[in-house]
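>>> Please find the sequence and the predicted model below.
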Amino acid sequence: MTQHEHHGDHHNHGSLKSYVIGFILSIVLTIIPLVLVMNSMLSKTATVITIMVMAILQFVVQLFFFMHIREGEKPRYNVQTLVLGLVIVFTIIAGSIWIMTFNKY
Amino acid sequence: MQMTQHDHGHAHDHEHGHEEHEQLKVLGFWIFVVTDCILFGSLFATFAVLMHNYAGGPTGKELFELPGIIASTFILLTSSFTSGLAVLAMNKGKVKEMISWLAVTAVLGLAFVVLEINEFTHLVHEGATMATSAFWSAFFTLVGTHGLHVSVGLFWMVALMIQLKRRGITPVTRRKVTNLSLYWHFLDVVWIFLFTVVYLLGVM
């Protein structure tokens, strides 16, 4: 038992419960945008914003429930690396889209 | 098992050092995943700026078949969950259960790749190739890179299942399974953005 708990500190990320909750959440977050797009329920802008938010929430669910972002070793280098990576990704995507809007002029 | 104080301390130190080393390798793998994230970010940016340039060719709206894409999405979501169950079984020390869940994950991954190959064949048949327009170049590069990642993950998974069968759960195989499931969840995340940006926005 102590052996088991010891491993719990280092490796035992999550429980069946957290995996099942994560799975259900990810399914719900997939079905909502699908229904919105297939039935054209909202205006175009509202739909784009909603489905992007759903995708980002889905990312957060995977990070917390499946990838166990919070449970790394104490100086959380994995989180720091991820934040740096996301800043770069955001800059590349938003920057490219913004710059290419000037093609019209 | 009776151990002297000295032996016990030594064994513990050794074990601890080894675990720290494996932990460091997991961090290394996180860094790889983040660089992969940047690769996909660049491909997404390319797709985003080219997504309206059809050059008179077929559009995504005309050719995308949503039912197949929805099936792929749920298959990949489920495989992300089953790879998590494999890690849970590993934490309980159940080798057989872990290998079974990995096998389920691999079968789902294979189904995903087969569906994607079918989709690509269908698109090429309908006259949408890499050379058709900027949109289709960006599309095949982005979606194809993801499919390639899933395929590589499949080979890795099969190799790891063989290793697990031979060696059982050791600190090394434990770390490898942790990394593989990290990789698999990451591919699921990338697919969700592909699904949203390429397909859902594409058919709107």
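Arrived safely.
>>> after the worst-scoring helix or strand of chain A on mean pLDDT comes which helix or strand?
Ranked by mean pLDDT, DSSP states H and E, the weakest helix or strand in chain A is helix A:2-10, scoring a mean of 42. Following helix A:2-10 in sequence order, the next helix or strand is helix A:16-38 (DSSP states H and E).
>>> For residue 72, report the pLDDT, please.
You didn't say which chain, so I picked chain A. pLDDT recorded at A:Gly72 is 64.
>>> other chain: chain B
pLDDT at B:Ser72 comes out at 96.
>>> and the helix or strand that it is a member of, what other elements does it pack with?
Assigned by DSSP H and E, B:Ser72 belongs to helix B:66-91. Counting contacts by 3 or more Cβ pairs under 8 Å, 6 or more residues apart in numbering or on different chains; DSSP states H and E, helix B:66-91 is packed against helix A:16-38, helix B:95-125, helix B:171-194. The way it works is simple: take the backbone N, C-alpha and C, and place the C-beta from them, glycine included.
>>> And that helix, how far out from the chain middle?
On the basis of Cα atoms, centre = their mean, to the nearest Å, helix B:66-91 sits 10 Å off its chain's mean C-alpha point.
>>> quick one: it to helix A:16-38, angle?
Put simply, helix B:66-91 runs at 170 degrees to helix A:16-38, going by axes from the mean of the first three to the mean of the last three Cα atoms, to 10 degrees.
>>> List the buried residues for helix B:66-91?
Neighbour-count burial for helix B:66-91 flags B:69-70, B:72-73, B:75-91 (criterion: 16 or more other Cβ atoms under 10 Å in any protein chain shown).
>>> That one vs helix B:171-194, what angle?
Going by the same axes, to 10 degrees, helix B:66-91 makes 160 degrees with helix B:171-194.
>>> between the helices and strands packed on helix B:66-91, which gets nearest to B:Ser151?
helix B:95-125 (5.6 Å; Cβ to Cβ).
>>> So which bits of that closest one are buried?
B:95, B:98-102, B:104-106, B:108-113, B:115-116, B:119-120, B:123.
>>> Quickly find the element holding A:Val87.
With DSSP H and E as the test, A:Val87 turns up in helix A:77-100.
>>> what mean pLDDT does that helix have?
On average, helix A:77-100 scores 94.
>>> Packing partners of that helix?
For helix A:77-100, the packing partners by 3+ Cβ pairs under 8 Å, 6+ apart come out as helix B:5-50.
>>> What mean pLDDT does the helix it packs on get?
Helix B:5-50 comes out at a mean pLDDT of 82.
>>> How far away from the center of its chain is it?
With Cα atoms, centre = their mean, you get 16 Å for helix B:5-50.
>>> and what of stretch B:131-141?
That offset, for stretch B:131-141, works out to 23 Å (Cα atoms, centre = their mean).
>>> does residue 52 count as helix, strand or coil?
I went with chain A, as the question did not name one. helix (DSSP: H, G, I helix; E, B strand; the rest coil).
>>> try chain B instead
coil.
>>> List the contacts of it.
B:Phe135 (Cβ atoms under 8 Å, 6 or more residues apart in numbering or on different chains).
>>> Low-confidence ranges, chain B, go.
Of all residues in chain B, those with pLDDT under 70 make up the ranges B:1-15.
>>> quick one: the helix or strand harbouring B:Val150 near chain A?
Using DSSP H and E, B:Val150 falls within helix B:134-167. No - applying Cβ under 8 Å from any Cβ of the partner chain, one finds helix B:134-167 out of contact with chain A, separated by at least 11.6 Å.
>>> what's the answer for stretch B:22-31, then?
Yes - legend: contact between stretch B:22-31 and chain A by Cβ under 8 Å from any Cβ is shown at B:23, B:26-27, B:30-31.
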